[in-house]
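**Q** Here you go, sequence then predicted model.
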Amino acid sequence: MRNASRIGLPLLAALWTSSLIGPVGADPRRISVESCAACHGAEGIAPDVAVPHLAGQNELYLFNQLMAFRSGQRRHREMRYMARELTREDMAALAAYYAALPRQ
């Protein structure tokens with residue numbers, strides 16, 4: 001996560017956007033931001049008050065929450081399912097992407 005701040009969040013977000021957003025590629029573990037947007041909104045602003053906004057959240061916080069969902073430490077059926085499909089690199093990229101988005 002510290003390397004991400006050295007590169008710069010906008011650059012990392014651009015790399016993430018250009019390489020992983022969109023249709024799922026050959027690796028079925030890859031997740032697209034579109035999958036997250038179904039609940040958290042395309043710009044990281046959730047349309048439902050019961051779902052948290054991700055835009056502008058702290059990058060490390062987002063990464064840690066994804067890890068907690070994956071391990072079962074934080075319980076949420078849908079998020080555990082989604083997080084189990086992610087690698088640590090996927091989680092880091094998602095956290096950087098959403099952290100770089102402006103809060104609205």
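**A** Received the coordinates, thanks. Numbering: from 1, shown residues only.
**Q** what comes up buried for stretch 95-104?
**A** 95-101 (16 or more other Cβ atoms under 10 Å). Placement of C-beta: from N, CA and C, glycine included.
**Q** which residues sit in contact with A46?
**A** 39-40, 52-54 (Cβ atoms under 8 Å, 6 or more residues apart in numbering).
**Q** if we go to 6 Å?
**A** 40, 53 (Cβ atoms under 6 Å, 6 or more residues apart in numbering).
**Q** What of the one 5 residues further on?
**A** Contacts were defined as Cβ under 6 Å, 6+ apart; by that measure V51 touches C39.
**Q** A95 contacts L62, doesn't it?
**A** Yes - if you go by Cβ atoms under 6 Å, A95 and L62 touch, sitting 3.8 Å apart.
**Q** Counting neighbours, what do you get for E89?
**A** 9 (other Cβ atoms under 10 Å).
**Q** Need the CA coordinates for the helix or strand hosting it. CSV is fine.
**A** Here E89 sits within helix 88-100, counting by DSSP states H and E. C-alpha atoms of helix 88-100 as CSV (Å, rounded to 0.1, in the frame of the first residue of the first chain):
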residue,chain,number,x,y,z
ARG,A,88,-4.4,-9.2,-2.5
GLU,A,89,-3.3,-7.3,-5.6
ASP,A,90,-7.0,-7.0,-6.7
MET,A,91,-7.9,-5.7,-3.3
ALA,A,92,-5.1,-3.2,-3.3
ALA,A,93,-6.1,-2.0,-6.8
LEU,A,94,-9.7,-1.6,-5.8
ALA,A,95,-8.8,0.2,-2.6
ALA,A,96,-6.6,2.6,-4.6
TYR,A,97,-9.2,3.1,-7.3
TYR,A,98,-12.0,4.0,-4.9
ALA,A,99,-9.8,6.1,-2.6
ALA,A,100,-8.8,8.2,-5.7
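**Q** Having no further points to raise, I will conclude here.
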